[in-house]
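Visitor: sequence unavailable; structure follows:
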């Protein structure tokens, strides 16, 4: 099976051609090693850094931005969205506050990125 995708690992954005056969990968079009690693991961188990917001009670702003401490499986994004919808923080909220510590058992936390 052949895939074509753009690499997201560096600003070059190389157009990658990936040939998959019997658990073997052939990657072409990458300008660096990161492209090959990205292509294989994207085919096997795509991941994305998840960003959202969480409600804040009594703060200057009604929400505070949050981000995962590491990229999450793309298929798990709906559960992260649902989690953010259920959370509420009390003001004041400091940056880099862990809002949810390892909520899904994968070692990834949800962290604030700004004051709330």
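Guide: In hand now; what should we look at? All values derive from a computational prediction rather than experimental measurement. Numbers count the residues shown, from 1 in each chain.
Visitor: what distance do you get for the nearest residue to residue 97 once chain neighbours are set aside to residue 72?
Guide: Using Cβ to Cβ, 6 or more residues apart in numbering and skipping residues adjacent in sequence, the residue nearest residue 97 is residue 112, 4.5 Å away. In short, each C-beta sits where N, CA and C put it, glycine included. From residue 112 across to residue 72, the span is 17 Å (Cβ to Cβ, to the nearest Å).
Visitor: likewise for residue 64?
Guide: Residue 64 is 19 Å from residue 72, by Cβ to Cβ.
Visitor: ok so residue 37 is a strand residue?
Guide: No - applying DSSP: H, G, I helix; E, B strand; the rest coil, one finds residue 37 to be helix, outside a strand.
Visitor: buried set for the helix or strand residue 43 falls within?
Guide: Using DSSP states H and E, residue 43 sits within helix 33-44. For helix 33-44, the neighbour count (16 or more other Cβ atoms under 10 Å) marks 35-36, 38-39, 42-43 as buried.
Visitor: nearest the geometric middle of this structure, what residue?
Guide: residue 49 (1.6 Å; Cα atoms, centre = their mean).
Visitor: against residue 67, how distant is that residue?
Guide: With Cβ to Cβ as the criterion, residue 49 and residue 67 are 6 Å apart.
Visitor: where do the contact lists of those two overlap?
Guide: Between them, residue 49 and residue 67 have no joint contacts when contacts are counted by Cβ atoms under 8 Å, 6 or more residues apart in numbering.
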